[in-house]
Structure formats: structure tokens, C-alpha cells
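1. this one's structure only:
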């Protein structure tokens with residue numbers, strides 16, 4: 001969808017990554033690995049499609065920001081190419097980039113003054129990526145706490161369900177206090 005959709009379709013597809021208008025990094029992080037940039041750019045055709053989509057997204061975003069000096073098409077291609085190169089670091093998706101551009105447009109990544117160039121763009125993009133990383137870390141910490149609260153697995157009582165069926169039936173009946181004659 002993000003590679004071929006029009007602006008309205010893309011915006012509708014991105015709604016699923018927000019909760020009450022706020023960006024939900026947890027939802028973005030659930031995007032399958034196969035749909036992330038590193039997997040999409042494994043061949044030349046895929047890289048060209050992603051590069052084209054990223055360049056178009058960047059151009060669209062920068063056209064909607066009032067700046068005295070905007071990057072030209074060559075600069076946009078260079079930024080898009082660098083996003084692809086950096087995508088392997090934290091398995092970025094196209095949705096990550098487009099959602100970040102939305103955050104940039106709304107001012108959630110800090111103010112932009114007069115111009116945006118490659119270093120400024122990546123400085124702002126790093127804010128998004130850092131928030132994303134913190135969400136991953138918090139999720140992992142929460143999982144670790146849950147497992148720790150469950151206790152060591154070798155200390156939990158276990159039930160041996162092996163044996164013949166009549167023994168199991170007797171155990172169940174005695175446990176529930178039922179008699180066979182009932």
C-alpha cells in the first residue's frame with residue numbers, strides 16, 4: 001500500500017498505528033519483518049521501489065512545511081538512500097518513516113528553522129528512533145518482569161499425567177469427590 005497508494009489511501013493505512021491520535025510505537029513494532037525496509041530492498045527492483053516511495057514521501061512532507069530553503073530532488077534521493085542504509089540498524093519500516101514525517105509536520109520532533117538539510121533531518125529522525133527504541137526496551141523489561149514474577153520453572157509444581165486411563169479417572173473422581181456409582 002505505501003509503495004503504490006495515493007495520499008488518502010496512505011493516510012487511511014496509517015490510522016491503525018495510532019491510539020486516540022497518538023502514535024503507538026507498539027503497533028508499529030508489530031509490523032512483520034518481511035514488510036520492513038531491509039527485506040524490501042534485497043534486490044535492485046525492491047530498492048528502487050522503496051527509494052522512489054521514500055523520496056515521494058519526503059517531497060510531499062517538505063512541500064507542506066514552510067521553509068525558506070527546501071532540499072532539492074537530489075538531496076531528497078540522498079536522504080531516502082541513507083534511510084535505506086540505516087534501516088538495518090533497527091529494522092525500520094516504510095510506516096516508520098511516514099509516521100515520523102507526520103510527527104515532523106505536527107512539530108512533535110522539535111521546531112524547524114528556515115531550512116532542513118540532511119544532518120537536520122537525521123537529527124530529528126533520531127528523536128523518533130530513540131522513542132521507538134525506548135518503547136521496545138520498556139516492552140522487553142515488562143516481559144522480563146512477568147516471567148520473573150512467575151518464579152523459576154524448576155520450582156513450580158508439576159502434574160504427571162502419564163499412566164493408564166483408569167488410574168487417571170480414579171484420580172479425577174477422588175479429587176472431585178464423585179463416586180462411580182452416581
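-> Okay, I see it. These figures come from a predicted structure and were not determined experimentally.

2. number of nearby residues for residue 126?
-> By the criterion of other CB atoms under 10 Å, residue 126 has 13 neighbours. Every C-beta, even on glycine, is put in place using the N, C-alpha and C of the backbone.

3. what sits up against stretch 102-117?
-> 14, 23, 61-62, 64-65, 67-71, 75, 100, 120, 124-125, 127-128 (CB atoms under 8 Å, 6 or more residues apart in numbering).

4. tell me which other helices or strands the helix or strand where residue 55 lies touches.
-> For residue 55, the host element (DSSP states H and E) is helix 44-63. Other elements packing on helix 44-63 under the criterion 3 or more CB pairs under 8 Å, 6 or more residues apart in numbering; DSSP states H and E are helix 37-40, helix 73-90, helix 94-105.

5. now, the contacts of stretch 102-117 that are in strands?
-> residue 23 (DSSP state E).

6. of the contacts of stretch 102-117, grab the buried ones for ChimeraX.
-> Here is the ChimeraX command that selects the buried residues among the contacts of stretch 102-117 (16 or more other CB atoms under 10 Å):
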select :14,23,61,62,71,75,100,124,125,128
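
7. before we move on, back to that, of the helices and strands packed on helix 44-63, which is nearest residue 9?
-> helix 94-105 (11.9 Å; CB to CB).

8. would you mark the buried spots in that closest one?
-> 94-104.

9. max-length helix in the chain?
-> For the chain, the longest helix by residue count, based on DSSP state H, is helix 118-150.

10. dump the residue contacts of the residue most central in space within the chain.
-> Central residue of the chain (CA atoms, centre = their mean): residue 29, 2.2 Å from the mean position. Applying CB under 8 Å, 6+ apart, we find residue 29 in contact with 132, 135-136, 139.

11. out of those, who's the most crowded?
-> residue 132 (20 neighbours).
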